[in-house]
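Student: Task: produce atomic coordinates for the following.
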Amino acid sequence: MKRNAADGLFTKPSRLMDEFIVRLARAAIDDLNDIPKAFRDQVISEIKSLSINPLPTGSRIKKLKGFKPPLYRLRSGDYRVLYRLQSHNITIMRIINRKELEKIIKRANL
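Tutor: Coordinates of the predicted model:
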């Protein structure tokens with residue numbers, strides 16, 4: 001990020017054409033605020049990496065069955081990031097502790 005000396009604000013560098021737009025749902029923002037800072041920084045870094053490659057190879061990403069539009073799960077330490085991918089938009093739905101994942105998915109209407 002670049003600092004704009006005139007107003008003291010940070011601005012994002014110009015977006016590349018193949019970059020994805022990442023948005024957080026209100027529930028995800030609330031979840032993020034509840035995570036301890038050490039884990040929060042790691043989760044934020046993982047979310048930022050989704051803007052470059054929303055479906056990286058490996059076992060960190062899983063497409064969850066039974067959801068339309070599709071719902072994906074990203075593993076980040078003890079936390080799971082649930083998100084949807086539509087066109088060039090990524091919507092982070094929830095960020096939850098792995099121990100609560102199954103319980104929240106069953107009762108939530110994501």
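Student: only C-alpha atoms for contact and neighbour calcs from this point on.
Tutor: Will do.
Student: Please, which helix or strand holds residue 43?
Tutor: Under the criterion of DSSP states H and E, residue 43 resides in helix 37-50.
Student: what about this structure, any weak spots by pLDDT?
Tutor: Where the chain drops to pLDDT under 70, the residues are 1-17, 108-110.
Student: Swap in 80 and give it another go.
Tutor: Applying pLDDT under 80 to the chain picks out residues 1-18, 105-110.
Student: This protein: helices as residue ranges?
Tutor: Assigned by DSSP state H, the chain shows helices spanning 26-34, 37-50, 101-107.
Student: Show me what the shortest one is in contact with.
Tutor: Residues outside helix 101-107 that contact it (Cα atoms under 8 Å, 6 or more residues apart in numbering) are residue 80.
Student: List the buried residues for that helix?
Tutor: Applying a neighbour-count criterion of 16 or more other Cα atoms under 10 Å, one finds residue 101 buried in helix 101-107.
Student: Would you mind putting the CA coordinates of it into CSV?
Tutor: What follows is helix 101-107, C-alpha atoms only, in CSV (Å, rounded to 0.1, in the frame of the first residue of the first chain):
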residue,chain,number,x,y,z
LEU,A,101,-17.5,-25.4,11.7
GLU,A,102,-20.0,-28.3,11.4
LYS,A,103,-22.4,-26.9,13.9
ILE,A,104,-22.5,-23.4,12.3
ILE,A,105,-22.8,-24.8,8.7
LYS,A,106,-25.8,-27.0,9.8
ARG,A,107,-27.7,-24.2,11.4
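Student: now the helix holding residue 43: how far from the chain's centre is it?
Tutor: 8 Å (Cα atoms, centre = their mean, to the nearest Å).
Student: Identify each buried residue in it, please.
Tutor: In terms of neighbour count (16+ other Cα under 10 Å), helix 37-50 has its buried residues at 40, 43, 47, 50.
Student: Save these as JSON lines, and put in distance to residue 89 too.
Tutor: Below are the buried residues of helix 37-50 laid out as JSON lines (distance: Cα to Cα, whole Å):
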{"residue": "40", "distance to residue 89": "22"}
{"residue": "43", "distance to residue 89": "18"}
{"residue": "47", "distance to residue 89": "13"}
{"residue": "50", "distance to residue 89": "10"}
